[in-house]
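Student: model this:
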Amino acid sequence: MKTANIALFKEFLVGEGLDKMFVGMYKQCPFPENPANIEEYFKNVDVSEVVMNAFRFPEGLEKFGLDFWFDVAIKWEKKLREATADGSQYATYNQAKIERKAAKPLSMWQTPQKSNAVQKKEPTEQKPRVVQTDEEAVVSDFKFFSINESSHRKLLDGRISITANQSGHRLTFNRTVSEEIVNANLLKFQIGQKGEDKHLYMVFSNNADGINWRSNSGNVVIANKPLVVKICKFFGLKEGYEQLAISKNQANVKSLLVYKISLI
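Tutor: Reported below is the predicted structural model:
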């Protein structure tokens, strides 16, 4: 990222109260190809992928799992977009100040603390005792789970999602296919077309010419802007979030996984 964007991202993390968590996750759940030093990571990562490519998102967490970090990426996209008209970097009217912010290690930033001042409590009016019904008495000690429907779009079997916006460009595979890819231990990925076919074919192998993929929180994710742009152009997709159909593995050999990708 550019110096201005590094400063802005650190400011964003501190403002959201995520600076300590982000540093801790980067140390505890790293991707092997990322630098050990998070400050070096900031210098080399693309500004749109700084959240998605930072670390492996934890699995099995209701509060801080995959959806949580996707939401962080979206908030960062908004912050970046609002910083300047084109969203590339925020105002450089005080370059020296920005450079100092960017150079200050994230671990040394201080999260704003809430005031500890004792608030004077207003006397509260005594409320009459509420008489419980038999049904209310039975469930009074229960703490029920919140089961409101999540706003996150669920990726079902037979689907693959494609995202192309300011928060990043990525392909996300459903859990079933992701497990198949991980278990096959095929480390590279390629995509191609058969003749004038209106479908695309994704091939996983150990071919050195392929693209690396990674598994995050149980889903295989491929973050590659040129690739995503080409797929969107091929299918005539607009910028944003879409789902495509993905077939079952069509290869009959252990050294390959082949999936057909098509419009739903």
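Student: Please, where are all the helices along the stretch 151-264 of the chain?
Tutor: 175-184, 225-235 (DSSP state H, counting those that start in this stretch).
Student: Export those helices to CSV and append columns for mean neighbour count.
Tutor: Glycine gets a C-beta too; all of them are placed from N, C-alpha and C. Shown next, in CSV, are those (neighbours: other Cβ atoms under 10 Å):
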stretch, mean neighbour count
helix 175-184, 17
helix 225-235, 15
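Student: could the ones you listed go into JSON lines alongside distance to residue 69?
Tutor: What follows is the helices of the stretch 151-264 of the chain, written out as JSON lines (distance: least, Cβ to Cβ, whole Å):
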{"stretch": "helix 175-184", "distance to residue 69": "17"}
{"stretch": "helix 225-235", "distance to residue 69": "19"}
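Student: how about the ones you listed in JSON lines, adding distance to residue 21 and mean pLDDT?
Tutor: As requested, the helices of the stretch 151-264 of the chain are exported to JSON lines (distance: least, Cβ to Cβ, whole Å; pLDDT from 0 to 100):
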{"stretch": "helix 175-184", "distance to residue 21": "25", "mean pLDDT": "91"}
{"stretch": "helix 225-235", "distance to residue 21": "27", "mean pLDDT": "91"}
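Student: between the ones you listed, which gets nearest to residue 34?
Tutor: helix 225-235 (17.9 Å; Cβ to Cβ).
Student: quick revisit: just tell me which of the helices of the stretch 151-264 of the chain ends up closest to residue 55.
Tutor: helix 175-184 (17.5 Å).
Student: now for that closest one, which elements pack on it?
Tutor: On a contact count with 3 or more Cβ pairs under 8 Å, 6 or more residues apart in numbering; DSSP states H and E, helix 175-184 meets strand 214-216, strand 219-223, strand 257-262.
Student: Let me know which of those strands is tucked in deepest.
Tutor: Of all the helices and strands packed on helix 175-184, strand 219-223 has the most neighbours on average by mean count of other Cβ atoms under 10 Å, namely a mean of 21.
Student: Show me the shaky parts of this structure.
Tutor: Within the chain, the segments meeting pLDDT under 70 span 59-62, 84-154, 167, 217.
Student: pull the longest helix from it.
Tutor: Within the chain, and with DSSP state H defining each element, the longest helix by residue count is helix 66-83.
Student: how about it: buried residues?
Tutor: Residues 66-70, 72-73, 75-77, 79-80, 83 are the ones in helix 66-83 that count as buried (16 or more other Cβ atoms under 10 Å).
Student: Redo these as CSV? Include distance to residue 201.
Tutor: Formatted as CSV, the entries for the buried residues of helix 66-83 read as follows, by distance: Cβ to Cβ, whole Å:
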residue, distance to residue 201
66, 27
67, 30
68, 34
69, 30
70, 28
72, 33
73, 29
75, 36
76, 33
77, 31
79, 38
80, 34
83, 40
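Student: Many thanks, we can stop here.
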